[in-house]
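>>> how would this look folded up:
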Amino acid sequence: MIDINAHILLIYTGGTIGMVENSRTGALEPFDFSHLTGHLPEIQKFRFQIDHIVFDPVIDSSEITPEHWKKIVHVIEDNYADYDGFVILHGTDTMAFTASALSFMLENLHKPVVLTGAQLPIGKLRTDAKENLITALEIAADKDTLGNPIVPEVCVFFQNDLLRGNRTTKVNAENFNAFKSYNYPNLAKSGIQIRYDRKAIIHPNYDKKTVFHYRLDNRIASLKLFPGIDRETVQAILTLKNVKAIILETYGSGNAPLSPWFLDLIRETVKRGVIIVNITQCNTGMVDMQRYETGRELLRAGVVSGFDATFEAALTKLMFLVGHRYEKEEIKVRMRVPLVGEITRTEDRLNETI
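Predicted coordinates:
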């Protein structure tokens, strides 16, 4: 049920979706959002109010940093009381990182924050921008029979799929179906109607306020294993100066070489106080370090399971936890439990199949 009295804030950070082609030069330029209805006359059929804020300057998504995430959170906090939902227009390349970060920075979120974008500019004939934006606005305004938002989460809408923000990964650079959530079901599917999976959606505690967080620490590194990786490469990454945490991208269900030099480097790094989180290179499935001996060796060395977290979620969660200056052991505990639905633990998945 779309609230006809809803008030939605459209935040344009940058990206292809907000571009039009200059008829004289052929160059892509940000269009004037004050003339949004000229590009999207369909939105006049919505019986709710849409305001907009445009970043100045707009940001190419490859230039996104944690400072931009803080700016987005500031915009939402400053306007939180005045709007029923927020739609963020964002470049696709780093949208999954931004969605993941915002999911941790907006604690106990009461209102929809929907990120969307496009593979083609809004002025192109075959653009996907119009459908993505129109449906994202509709989702941001949708409420249940009690008057509560249907999707009070940070999410991504793209090509008919509404996905939990911290479960998304960009998987295609050319097709319109650019994002997937491999380890968690869609929150909704758009067709003739928008069909929500109510059981999959997180609901806040409406008796408590939303908390806006700004502490992030980007002193995080990643190490992706590959056959033939040598000691010098591993050592160079594990001994980076001032690094606080490292994401170890392993094979299969969390497996890594059993070479003594490799395990010794892992143990030494953990002893220095660096947190190492194990995530799988596979798109689907999860880390289970109890399954094989290689995983058990990592567990004994002090490596933390990332379960089925995406790289984007693991990275931004570590930035969030390290930024809040939790003690090392507290961070390890929090990495093993879902804060906002970003992971499914092994035992939870087992319970689902029983």
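
>>> just the strands in the stretch 201-350 of the chain please.
211-212, 220-224, 245-250, 275-280, 304-305 (DSSP state E, counting those that start in this stretch).

>>> Output the third one in CSV with nothing but the alpha carbons.
Just to be clear, that refers to strand 245-250. The C-alpha trace of strand 245-250 is given here as CSV (Å, rounded to 0.1, in the frame of the first residue of the first chain):
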residue,chain,number,x,y,z
ALA,A,245,42.4,-6.3,10.2
ILE,A,246,42.8,-8.5,7.1
ILE,A,247,40.2,-10.3,5.1
LEU,A,248,41.5,-13.7,4.0
GLU,A,249,39.8,-14.9,0.8
THR,A,250,40.1,-18.6,0.9
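
>>> That one: partners in the sheet, and parallel or antiparallel?
When sheet partners are counted by DSSP bridges, strand 245-250 sits next to strand 220-224 (parallel), strand 275-280 (parallel).

>>> Now the phi/psi pair for S181, please.
In this entry, S181 is assigned phi and psi values of phi -120, psi 90 (degrees, to the nearest 10).

>>> coming back round to it: of the strands paired with strand 245-250, give the one that comes closest to N183.
Between N183 and the strands paired with strand 245-250, the tightest spacing by CB to CB is seen for strand 275-280, at 10.0 Å. Placement of C-beta: from N, CA and C, glycine included.

>>> got any ranges where this structure has weak pLDDT?
Counting by pLDDT under 70, the chain contains low-confidence ranges at 1, 21-23, 26-39, 121-126, 346-354.

>>> please redo it, this time with the cut-off set to 50
Using pLDDT under 50 as the threshold, the predicted model of the chain has low-confidence ranges 350-354.

>>> Looking at the strands of the stretch 201-350 of the chain, spot the one closest to K180.
strand 275-280 (15.1 Å).

>>> Give me the contact list for the closest one.
For strand 275-280, the external contacting residues (CB atoms under 8 Å, 6 or more residues apart in numbering) are 244-254, 256, 266, 269-270, 286-287, 289, 295, 298, 302-306, 308-311, 314, 318, 322, 328, 331-332, 335.

>>> In helices only, show me these.
Among these, the residues falling in helices (DSSP state H) are 266, 269-270, 295, 298, 311, 314, 318, 322, 328, 331-332, 335.

>>> Of those, just say which sits nearest to I50.
Nearest member of the ones in helices among the contacts of strand 275-280 to I50, counting by CB to CB, is F311, at 33.6 Å.

>>> list the helices and strands the helix or strand containing F97 packs on?
When secondary structure is defined using DSSP states H and E, the element that contains F97 is helix 95-105. Contacts of helix 95-105 with other secondary structure elements, assessed using 3 or more CB pairs under 8 Å, 6 or more residues apart in numbering; DSSP states H and E, are made with helix 66-79, strand 113-116, strand 154-158, strand 169-170, helix 311-323.

>>> Quick check: what element follows it along the chain?
As assigned by DSSP H and E, the chain's next helix or strand after helix 95-105 is strand 106-107.

>>> residue contacts, the residue positioned nearest the centre of the chain?
Closest residue to the average C-alpha location of the chain: S100 at 2.5 Å, with CA atoms, centre = their mean. S100 sits next to G165, N166, T168, T310, E312, A313, L315, T316, K317, E342 when contact means CB under 8 Å, 6+ apart.
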